[in-house]
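> I need the structure of the sequence given here:
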Amino acid sequence: MRSARKVPGGYEPPGTFLLLRHGFSGSGCTIDGVSTSGGAEFFGADWAAPEPESAPGQPPPAPETDQSLWGRIKRAFAPIVAFLALVIKLKSVLFLGSMAVSIAAYAQLWGWKYAVGFVVLLLVHELGHVAALRLRGVRASALVFLPMLGAFTAWEPQERDPYQEAETALAGPVIGTLGSLGAAWYAHSSGSSLWRALAFTGLLLNLFNLIPLIPLDGGRVARLTYPWVWAVMGIGLIGYLAVRPKPLVVVALLLVGYELYSQLRHPDAHGRASIEPGHRWRLSLAYLALVVVIVVGMHTTYTGRTLR
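Here you go, the predicted model:
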């Protein structure tokens, strides 16, 4: 360590420090108004910069893991805790809360067993929409149940494609019908009247959703089908009406007649002119086949009841 030397106006202390009017300055770091270029010499021979915790380019040492029994239990249940935290998000709370409210409302009318089964069938129907959206990479909103009105899932596609909307809308009744047919199979094998009633109600629910009116699923599908689909359905309804005249059949015939008239009068409306013929044929056949399957399923699961 060199000694101080005389400079104009005073002495320069060891470590190449210069006394200025407002403090100390130098060519090194500044500490409380003091800057240094002399480094360790100024603070004494025993001072040195702290060594880095790990060598450059080397990862930091891994923290020690708790090997006790409690530590192992915490690590084992950590994924479950993370999953529960995910479930308790706003969407999940809205989904589970509305489901519970719907079950409670239906249970007041039909009992809790039927209420749970009916809400599950609604859920299966809506999951068909969600699955179709996920396959396209479209995020759906929270699934919400509305007591006495059903359930709904909203989505906003990036580009509004009439065929993709119709395909997504049709996925709900398709999956919902499969779920109802599963309930019908179990009712047949077990002889359960409860499952038979659930199967009939589920099929009726999906048939109702195929009515060609917006905002129902059928409203998005029916407008892209060919007119011959409605002509075939009209002929079938007329034949059924001749055998079993019922008011609901008359209402269905009026809806079918209106859709046929609308398509013949406005053949290019609702994007029908832009859709590929193959896609339109696919929707037409799927829609008609689904209606036939549902009607046959309802006929086999129907149980006559008398009002008292």
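
> how deep is residue 171 tucked in, by neighbour count?
Number of residues near residue 171 (other C-beta atoms under 10 Å) recorded here: 20. (Glycine included, C-beta is placed from N, CA and C.)

> ok but it is inside a strand, no?
No: counting by DSSP: H, G, I helix; E, B strand; the rest coil, residue 171 is not found in a strand; it is helix.

> Excluding chain neighbours, what is closest to it?
Take residue 171 and drop its neighbours on the chain: the residue closest to it by C-beta to C-beta, 6 or more residues apart in numbering is residue 132, 3.8 Å away.

> elements contacting the helix or strand hosting that neighbour?
Per DSSP states H and E: residue 132 is located in helix 112-135. Using 3 or more C-beta pairs under 8 Å, 6 or more residues apart in numbering; DSSP states H and E, the elements in contact with helix 112-135 are helix 90-110, strand 150-152, helix 162-190, helix 193-209.

> my guess is the residue nearest to residue 171 meets residue 166, correct?
No: proximity of residue 132 to residue 166 does not meet the contact threshold set by C-beta atoms under 8 Å, at 10.5 Å.

> Please say which of those two ends up with more neighbours.
Comparing residue 132 with residue 166 by other C-beta under 10 Å, the one with more neighbours is residue 166, at 28 against 21.

> isn't the more buried one right next to residue 221, touching?
Yes: using C-beta under 8 Å, residue 166 is in contact with residue 221, at 4.7 Å.

> who touches both of those two?
Between them, residue 166 and residue 221 share these contacting residues under C-beta atoms under 8 Å, 6 or more residues apart in numbering: residue 283.

> and whatever helix or strand comes next after the helix holding residue 132, what does it pack onto?
Where DSSP H and E defines the elements, the next helix or strand beyond helix 112-135 is strand 144-146. Contact analysis of strand 144-146 by 3+ C-beta pairs under 8 Å, 6+ apart lists helix 90-110, strand 150-152 as its packing neighbours.

> The ones you listed: which one's closest to residue 236?
Minimum separation from residue 236 across the helices and strands packed on strand 144-146 (C-beta to C-beta) falls at strand 150-152, 26.4 Å.

> So for that closest one, mean pLDDT?
Mean pLDDT, computed over strand 150-152, is 79.

> Cool, thanks, signing off.
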